[in-house]
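Asker: Take a look and give me a structure for this.
(chains A and B)
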Amino acid sequence: MGKYVVGRLLQLVLVFFGVTLLIYLAVYALPGDPIRALGGDRQLPDSVINAMRAQFNLDDPVLLQYLKYLGNLFTGDLGTDFNGRPVADLMAQRWPVTIRLALTAWVIQVVLGVGLGVLTALRKGTWLDHTVLFFTVGVISIPVFVLAYTAQIVFGVRLGIVPVSGIDEGWPVSYLLPSIILAVFGLASVARLVRASMLENLRADYVKTATAKGLSPRRVVYRHVLRNSLIPAVTFLGIDLGYLLGGTVIIEGVFNLPGVGQLLFSSIAAQQGPVVVGVATVLVVIFLLANLVVDLLYGVLDPRIRHE
Amino acid sequence: MRTWQRLTALAVGAALLTVTACGGGSDDDSSTGGDGGGESSGGIFSVGIDEPDFLLPGRSQGAFDEMHALFSGLVKFGDQSEPQLLHAESIESDDNIVWTIALKPGWTFHDGTPVTAQSYADAWNATAYGPNAWGNNAQLANIVGWDELNPAEGTPATDTLSGVEVVDENTLRVTLKTADSQFPYKLGQPGFYPLPEVAFEDFDAFNEAPVGNGPFMMDGTWEHDVQLSVTRYEDYQGPQPKADGITFRIYSDTTTAYTDAIGGAVDIVSVPQEKYKQVATDFPDSFIAFNAIRLDWLGFPLWDPRFQDPRLRQAVSMAIDREAVNEAIFGGLYTPATSLHGPSAPGGGTEGLCGEFCEFDPDRAKELLAEAGGWEGPMEIWFPGGVGYDQTFEALANQIRQNLGIEEVVTKSQPGFVQFIDALNNQQATGPFRGGWGSLYPSMQSLLWSVFSSNGDGRAGAGTYANPEVDALIAQADAAPSLDEATELYKAAEEQILADFPIVPLFYAKYVYAHSANVSNVIIGFDQIELTEVVVN
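Answerer: You can find the predicted model right below:
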């Protein structure tokens, strides 16, 4: 087990170099000159453009640029954006916002998703089952920004029970509405995954055995069926945490939360290489770590899966 | 991405049509009463803004409202199209080449140090110094010595502008490379603001909490992506602000700022274009559309032989129903253009100069197209995608398709502004493209010289149009002994441009702002919001 974890972590290092290089090449390959575009309709003087190109090493061959970037990285310098703000500062400011948002949404997904999944599986075919099914399918089919703007107008502007936008009121008040919007999409998937998996397991032989042994129904459901039914949900939730951390651009924009999703979006549009590489690399590492945790959890949930 | 939008949105200019306050009635209900001059209402109001690029005046290409709160230049405009002296006592020249600027004495920076002629000279030298790579560098390009600070290669041998001379503590003498009757207008741009000594110790640190000379001073430091707080500067020598302070709330999405303003969480916001149609419903008594000096147009790739015949370009112009597009996209807030300068320009603008070619007449358009030899193959319309132009240019493409009888009119949406600018600079655009210019000072010179002269910094927007006669007329206007004569010569230049018809004028654009019931006396002018005038109810 320990050896397995060390091996996986070593893989991370390799992936780190590969990913940073790939992202660097991708940003470099984007058409257009980001420095020239800084002036908008007004051309900047050549002297200014040349000075900025030199400052960001943009005149070097791309591999040399990448090596310079890596070199600086090892001295703890992640570079700056075109406005001279250190990328490290940008990330230190924005990651906490996104992490709060994503984790809040994720916890809502886990609790409500698994809960609804279990409930609907046990009450299969009842009005409760149908109602939950109806709403989860309904919600998934609404585009996220429609739901977000509507919720903002209703709960923020009309009812005034949550702030319309911003993080002025801190966690949890400012994060409540965006987290719920973010959670409902994954929540529907989790609930349906757990439900389907539970139904399958409820018919399994070992359930009959357990019931025949005289175990209480509660113990059969929670100790055996649920535990075995969680594997698909755990896989989903692990990957979903990664998506929540990296894919919250729309929600961050609508609710004006200064997180990394927005940062990544605007940096790609402006072709700010160092920012894109920095943020994207952290995202990749989070994804990989989440996957590692998922793999380890399999072993805990199902003793037949062992990591030797 | 946002910076250029704000920049182009900041058209500066205008005269007769000052504030088109819709609804009105919001001015007199404050408790201050009286003539309203210099009285303090107290209180703090909030303004929704984008994250500024920089707060250092020489570098900032977008943060105009923040800049006007923290700094005061030599002149300001408000809702007037003539420069109003702010820190300058007088700006004079006999030949439009050597300018003597006298300062009002007694002004101080927020740290108590005096604002002197040297404060201006130091700031201008830093802005004009090429290796500093400050965005407003080009605003000083016509001062003698700028070339030495911006060599084509290598580092400059000097770091001061030889054309800027500090005569005494309160007098500056500036020598220009070429005569410029519009120099006093240009002094309102951030590139001409002063800097205190403390700025030169560490520009980056200064940028986080600028010590300016404006009506408001920083309260704490710039909280990136969150807010910027300023409070009244008690020793300010200009017009006293009515409010005690301003919180600039930073939004990444202008639609969110707008929604927040409906909810009352922010007091003054710039209205995003997609809300133009509903702003009169959401803010019936409190939205303002100010006629700035800003033109939207359709440019042509004049390097492409297919677009050489002016009749083809005129045909495209006459095929566009500007009124219909204005209603459908801009909620009727813009004005269909009939020249390059709307009524807000000095001298009353040039409306109607375009003649029949800016009128909607599909039959005449088809005739002109036939005279020009018709059109074969697809006509491609170029614009930057995803930054607010998509709807407008889809509509324009439809108009050209339907009214000109060209079967294939397709939109070539570029992935972003970076790629779009590149396509123009590298002459890769293969069809009519989005053009726009917001004048940073309300003189006709800005648009005419920058876009239509053969060495302007925005000439890519006119498809690299050049005409020596236009150059000569602009130069004559620049050298004109009086502003009136200058205006007449600029009009003559514009007449020549419209005879050549390099672009299709579309709309005189506006600044559109909305405010909550929490504030009144919100005046929008060429300097955007008149922050010192805002009254907190």
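Asker: Show me the shaky parts of chain A.
Answerer: Where chain A drops to pLDDT under 70, the residues are A:1, A:247, A:306-308.
Asker: So, low pLDDT: which residues of chain B?
Answerer: Chain B contains residues with pLDDT under 70 at B:1-39.
Asker: does A:Leu21 sit in a helix or strand, and which one?
Answerer: Using DSSP states H and E, the element containing A:Leu21 is helix A:2-29.
Asker: buried stuff in whatever helix or strand comes next after that helix?
Answerer: Toward the C-terminus, helix A:2-29 is succeeded by helix A:34-37 as the next helix or strand (DSSP H and E). Residues A:Pro34, A:Ile35, A:Arg36, A:Ala37 are the ones in helix A:34-37 that count as buried (16 or more other CB atoms under 10 Å in any protein chain shown). C-beta: built from backbone N, CA, C; applies to glycine.
Asker: Can you narrow those down to the ones near chain B?
Answerer: Contacts with chain B within the buried residues of helix A:34-37, as defined by CB under 8 Å from any CB of the partner chain: A:Pro34, A:Arg36, A:Ala37.
Asker: Spit out the contact partners of the first one.
Answerer: Which is A:Pro34. Residues near A:Pro34 by CB atoms under 8 Å, 6 or more residues apart in numbering or on different chains: A:Phe82, A:Ala270, A:Gln271, A:Gln272, B:Val418.
Asker: do the same with the second one
Answerer: For A:Arg36, the residues meeting the contact criterion (CB under 8 Å, 6+ apart) are A:Gln43, A:Leu44, A:Ile49, B:Ile421, B:Asp422, B:Asn425.
Asker: Enumerate every residue touching A:Phe155.
Answerer: A:Ile161, A:Val162, A:Leu177.
Asker: Against chain B, how distant is the residue lying closest to the last one once chain neighbours are set aside?
Answerer: Read it as A:Leu177. Leaving out its chain neighbours, the residue that sits closest to A:Leu177 by CB to CB, 6 or more residues apart in numbering or on different chains is A:Val162, at 4.7 Å. Separation of A:Val162 from chain B (CB to the nearest CB, to the nearest Å): 10 Å.
Asker: which one of the ones next to chain B among the buried residues of helix A:34-37 sits closest to A:Gln65?
Answerer: Of all these, A:Pro34 has the smallest distance to A:Gln65: 13.2 Å, by CB to CB.
Asker: re earlier: quick check, the residue nearest to A:Leu177 in contact with A:Val173.
Answerer: Yes. Taking contacts as CB atoms under 8 Å, A:Val162 lies within contact range of A:Val173: 6.8 Å.
Asker: Of these two, which one has the most company?
Answerer: Set A:Val162 next to A:Val173 and count neighbours by other CB atoms under 10 Å in any protein chain shown: A:Val162 wins out with 19 against 13.
Asker: Make sure that one is indeed in a strand.
Answerer: No. Counting by DSSP: H, G, I helix; E, B strand; the rest coil, one finds A:Val162 to be coil, located in no strand.
Asker: what residues are up against it?
Answerer: A:Val162 is in contact with A:Phe155, A:Gly156, A:Val173, A:Ser174, A:Leu176, A:Leu177, counting by CB under 8 Å, 6+ apart.
Asker: just B:Ser317 next, same as before
Answerer: B:Ser317 sits next to B:Leu298, B:Cys354, B:Phe357, B:Cys358, B:Ala365, B:Phe501, B:Val504, B:Pro505 when contact means CB under 8 Å, 6+ apart.
Asker: Between which two of those residues is the distance greatest?
Answerer: Spatial extent of the contacts of B:Ser317 (CB to CB) is set by the pair B:Ala365 and B:Pro505 at 15.3 Å.
Asker: most surrounded residue in the contacts of A:Pro34?
Answerer: Counting neighbours by other CB under 10 Å, A:Gln272 comes out on top of the contacts of A:Pro34 with 25 neighbours.
Asker: so what's that residue closest to, chain neighbours aside?
Answerer: A:Asp81 is the one closest to A:Gln272 (CB to CB, 6+ apart), at 4.9 Å.
Asker: Verify the contact between the one you found and A:Ser266 for me.
Answerer: No. Assessed by CB under 8 Å, A:Asp81 is found out of contact with A:Ser266, at 9.6 Å.
Asker: So between the two, which is more surrounded?
Answerer: Per other CB under 10 Å, whichever of A:Asp81 and A:Ser266 has more neighbours is A:Asp81, with 22 against 18.
Asker: mind checking how far the more buried one is from A:Leu263?
Answerer: A:Asp81 sits 9 Å away from A:Leu263, going by CB to CB, to the nearest Å.
Asker: Now the common contact residues for these two.
Answerer: Shared contacts of A:Asp81 and A:Leu263 (CB under 8 Å, 6+ apart): A:Leu90, A:Val275.
Asker: Make sure I have this right: B:Ser90 is in a strand.
Answerer: Yes. Counting by three-state DSSP, B:Ser90 is located in a strand.
Asker: For the residue nearest to it when sequence neighbours are not counted, what is the enclosing helix or strand?
Answerer: The spatial neighbour of B:Ser90 that comes closest, neighbours along the chain excluded (CB to CB, 6+ apart), is B:Ala102 at 4.7 Å. Taking DSSP H and E as the criterion, B:Ala102 maps to strand B:98-103.
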